[in-house]
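> sequence first, predicted model second:
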Amino acid sequence: MRKRARRASMLAGVATAVAATGMFMAAPNATAGTSDVVNPGFESGSASWNGKVTPFGGHPVNNSSAWPARSGSGKAELGGRGLTGMSRISQQVTVPASRVPVLSFWVRSDVVPGGASGFGFRQLLVEATAEDGTPYELHDRMNKGGTSGSYEQVTVTLPDAFYRSSPQKVNISFTVIEDAANRMPFLIDDVTMEYRFKKIDRPVTIPGGIFRPIGG
């Protein structure tokens, strides 16, 4: 009984110290919802993904074994045509109210054979466009940043503009710009969007009178 009384007294002392010093504890950054990206691994081909390839035409999503997918058989193959142009895929998602959207995807970018002298211009740009039409750059990389023949996961938290008190329609896009000297594509697979609670610092308040000695 005395041990329980001492424990209660110590907890009460901690609560008093926290209140006196103004210490704060962070609310947990918990997951609030699963991804609503449709056809995230491109296993249904180009379904739900808008695609544009200029000036070549066609759609960037395929299941060619020449460039294998990270999982399954489908993936987006952006660039690598050996012509000056642009390849893009995009999809619209709805960010729930009062949630922080976190985008995750896997990318493969092989090094051009022949070393540095064989490099042409090739750039991957990942953007999120808000409901008001404002684009925000989330991630970019050049062709010299290869992934050694394997897929690499990229995870990025969208900026505060995408955290609102009401749901917001957001367009996620992956764009590759290249010149005629490059024949190595960027490969994109397993795209997901996770929604989290916003991490908010709040004071710890413990009502007085809760901890009382038990027994003598």
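Thanks, I have the structure now.

> and stretch 76-85, how far from the chain's centre?
Remark: stretch 76-85 is offset 24 Å from the chain centroid, using CA atoms, centre = their mean, to the nearest Å.

> hey, where'd the helices end up in the chain?
Along the chain, counting by DSSP state H, helices occupy 2-21.

> give the bridge partners for the most centrally placed residue in it, please.
Per CA atoms, centre = their mean, the C-alpha nearest to the average position across the chain is that of Leu103, at 1.9 Å. Beta bridges link Leu103 to Val156, Met193, judged by DSSP bridges.

> so for it, what's the pLDDT?
Per-residue confidence (pLDDT) for Leu103: 98.

> repeat that for Ala97.
96.

> how close does it sit to Thr134?
19 Å (CB to CB, to the nearest Å). Bear in mind the C-beta positions are built from the backbone N, C-alpha and C, glycine included.

> neighbour-wise, which of those two wins?
Ala97 (12 against 9; other CB atoms under 10 Å).

> show the contacting residues for the more buried one.
For Ala97, the contact set (CB atoms under 8 Å, 6 or more residues apart in numbering) comprises Arg164, Ser165, Ser166, Pro167.

> next, the contact list for the third one, please.
It stands for Ser166. Ser166 touches Ala97, counting by CB under 8 Å, 6+ apart.

> and it, what pLDDT?
For Ser166, pLDDT reads 96.

> if I look at it, how far off is Ser98?
Counting by CB to CB, the gap from Ser166 to Ser98 is 9 Å.

> Ser64 too?
Counting by CB to CB, the gap from Ser64 to Ser98 is 42 Å.
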